[in-house]
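Student: structure for this input, please:
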Amino acid sequence: MLPNIKNDLMYLLNILESIEKILLYSKDCTAAEEFYEMNDQLNFNASLNLFANIGENIGKLSDELKQAYCDVDWNRIKGFRNRIVHDYVNIDTFMVFDIIMNDLSSCLLRAD
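Tutor: Just a heads-up that it's a prediction; the model follows:
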């Protein structure tokens with residue numbers, strides 16, 4: 001296996017694991033406020049950490065893989081990571097919940 005392919009696979013598996021955990025942490029929620037307040041914000045904060053992890057791993061993917069999947073907005077995902085890490089107190093809980101409900105499931109379907 002070529003080094004880039006092996007590394008990309010490792011990073012992609014880590015991304016998928018993070019997505020699955022976020023979906024698990026939010027599975028019983030129907031509203032952003034509910035998700036934010038669940039378990040004294042534990043699930044919300046853990047999910048933000050996992051989103052940051054996703055962004056970190058995307059930054060490590062090879063340019064070849066990113067070019068092969070140029071329809072994925074890699075910069076937007078990485079930008080979300082940067083916002084979480086650098087502007088943590090101003091994170092919009094509704095936006096986070098919307099991403100979880102509308103974008104993450106489709107990422108998993110695409111990965112299959």
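Student: tell me the SS of residue 100?
Tutor: Classification of residue 100 using DSSP: H, G, I helix; E, B strand; the rest coil returns helix.
Student: who's in contact with the host helix or strand of residue 13?
Tutor: Assigned by DSSP states H and E, residue 13 belongs to helix 3-26. Applying C-beta atoms under 8 Å, 6 or more residues apart in numbering, the contact partners of helix 3-26 are 1, 35, 43, 46-47, 50-51, 53-54, 57-58, 60-62, 64-65, 97, 100-101, 104-105, 107-108, 111. To be clear about C-beta, it is placed using only N, CA and C from the backbone, and glycine gets the same treatment.
Student: wait, what's in contact with residue 38?
Tutor: By C-beta under 8 Å, 6+ apart, the residues touching residue 38 are 29, 44.
Student: rerun at 10 Å
Tutor: 25-26, 28-29, 44 (C-beta atoms under 10 Å, 6 or more residues apart in numbering).
Student: picking up where we left off before, of the contacts of helix 3-26, buried ones?
Tutor: For those, a burial check counting by 16 or more other C-beta atoms under 10 Å picks out 35, 43, 47, 50-51, 53-54, 57-58, 61, 65, 97, 100-101, 104.
Student: now, the residues you listed that are in helices?
Tutor: Secondary structure from DSSP state H places 35, 43, 47, 50-51, 53-54, 57-58, 65, 97 of those in helices.
Student: which of these sits closest to residue 83?
Tutor: Nearest to residue 83 among these is residue 51, at 9.4 Å by C-beta to C-beta.
Student: ok, that closest one - contacts?
Tutor: 18-19, 22, 77, 80-81, 83-85, 91, 96, 99-100, 104.
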